[in-house]
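Peer 1: Sharing a sequence plus its predicted fold:
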Amino acid sequence: MDLPLGIKGERRTEVSAGNTAKAMGSGLLEVFATPAMIALMEGAAVQALEPYQASSVGTALEVRHLAATPLGMRVRAVAQLIEVERRRLVFSVEAFDEVEKIGEGRHERFLIQDEAFLKKVYAKNAPGERR
């Protein structure tokens with residue numbers, strides 16, 4: 001599959017009680033949680049691939065959370081494909097609230113074949129297998 005460099009995806013959310021650091025266990029305050037920001041960034045990368053019907057899994061993420069975002073504020077994440085090496089994809093990711101950039105980093109994904117991937121995953125449940 002030939003994926004063009006530069007393709008972009010975007011995801012949006014609003015900071016609510018459910019995606020705060022306090023609710024997600026990543027802190028004690030009711031501000032947008034780092035795990036929620038990361039999920040939004042990954043979602044933006046997945047969205048970039050949707051027009052190409054490309055299934056992928058996340059394998060690495062290097063992110064800096066730069067600024068806190070309060071309850072009620074909207075957040076937007078953008079992912080741009082910057083590198084392709086066979087099945088390995090690397091995205092530049094950024095997140096913004098209504099005031100400023102709140103996060104940035106790189107996200108790596110691998111293209112997969114759904115059926116083969118799931119077969120391998122579900123083999124972990126096979127009786128008699130070593131774990």
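Peer 2: Cool, got the structure.

Peer 1: buried residues in the helix of greatest length in the chain?
Peer 2: Identified as the longest helix of the chain according to DSSP state H is helix 34-49. For helix 34-49, burial by neighbour count (16 or more other Cβ atoms under 10 Å) applies to 34, 36-49. C-betas here are computed from N, CA, C, even on glycine.

Peer 1: Quick check: which helices or strands does the very next helix or strand once past it pack against?
Peer 2: Counting by DSSP states H and E, the element after helix 34-49 in chain order, helix or strand, is strand 56-65. Counting contacts by 3 or more Cβ pairs under 8 Å, 6 or more residues apart in numbering; DSSP states H and E, strand 56-65 packs against helix 34-49, strand 101-111.

Peer 1: of all those, which lies closest to Met73?
Peer 2: Relative to Met73, the nearest member of the helices and strands packed on strand 56-65 by Cβ to Cβ is strand 101-111, separated by 9.6 Å.

Peer 1: same for the closest one, what does it pack against?
Peer 2: Here strand 101-111 touches helix 34-49, strand 56-65, strand 74-85, strand 88-97, going by 3+ Cβ pairs under 8 Å, 6+ apart.

Peer 1: residues in contact with it?
Peer 2: Applying Cβ atoms under 8 Å, 6 or more residues apart in numbering, the set of residues contacting strand 101-111 from outside is 1, 32, 37, 41-42, 45, 49, 54-69, 75, 77, 79, 82, 87-96.

Peer 1: try 6 Å
Peer 2: If you take Cβ atoms under 6 Å, 6 or more residues apart in numbering as the criterion, strand 101-111 is touched by 37, 45, 54, 56-67, 69, 87-91, 93-95.

Peer 1: Residue ranges in the protein under the pLDDT threshold?
Peer 2: For the chain, the stretches with pLDDT under 70 are 128-131.

Peer 1: circling back to that earlier point, show the buried residues in the contacts of strand 101-111.
Peer 2: Among the contacts of strand 101-111, the ones that count as buried by 16+ other Cβ under 10 Å are 37, 45, 54, 56, 58, 61, 63, 65, 69, 89-91, 93-95.
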